[in-house]
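What follows is a protein structure lacking sequence information:
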């Protein structure tokens, strides 16, 4: 059965800290891995990763994929209170676009 | 704002009833995806349509059905509603058959 597992499930840090969120997967016909940030409502897209070893970066956020070890990490440097959210990892199976989501990591950044 | 619109924002109904949720994808997107998010199950993929045709099916109950119309908007029909159907229902759209998905604001369904 396809599955995506995220760790930790929750994390509390202080502003300025650096955090690393983990996502491991077992999915047949892997196509891509995506990271989303969910605050109060809808998930918003952060990154899509398809190739191993190529870091994607957007401001203080970065992510990398390891297709051999079947995991990805999402790094957030110099965290701010606005980074507080649930971070979702999803793996896209085959070419249908079906996304399999992990449980999410709830990040709380304290002032 | 992702460009995906969903109506209504909130829906409260009773068990046994039927409801229709509506989604308009981003301009130019041909794919529409439906997801259910509940507290105990997390985000679950329900179904995907691409340019009017059903493309992939996930954990969608037989009581649920969906369609995508020629103007590319989509509707998710939920019938014989049960208390356990209470959840947030998201629609997402993407450009191709398997493209980055952008989520709408969701419809919160409460079944009493």
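Structure's in. What do you need? The shown structure was predicted, so the numbers you read here are calculated from the model rather than taken from an experiment.

Let me see the contact set for residue B:45.
Residue B:45 makes contact with A:98-101, B:33-35, B:56, B:58-59 under the criterion Cβ atoms under 8 Å, 6 or more residues apart in numbering or on different chains. For every residue, glycine as well, the C-beta is placed using N, CA and C.

And residue A:3, by the same measure?
Residue A:3 neighbours (Cβ under 8 Å, 6+ apart): A:25-27, A:100.

Tabulate the residues you listed (JSON lines), appending secondary structure.
Below are those laid out as JSON lines (DSSP: H, G, I helix; E, B strand; the rest coil):
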{"residue": "A:25", "secondary structure": "strand"}
{"residue": "A:26", "secondary structure": "strand"}
{"residue": "A:27", "secondary structure": "coil"}
{"residue": "A:100", "secondary structure": "strand"}
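
And residue A:44, what's its pLDDT?
Looking at residue A:44, its pLDDT reads 89.

What's opposite it in the beta bridge?
Beta bridges link residue A:44 to residue A:37, judged by DSSP bridges.

Drop anything exposed from the contacts of residue A:3.
Burial by neighbour count, 16 or more other Cβ atoms under 10 Å in any protein chain shown: within those this picks out A:25, A:27, A:100.

so the second one sits right up against residue A:5, yeah?
Read it as residue A:27. No. Judged on Cβ atoms under 8 Å, residue A:27 makes no contact with residue A:5 at a distance of 11.2 Å.

Many thanks, we can stop here.
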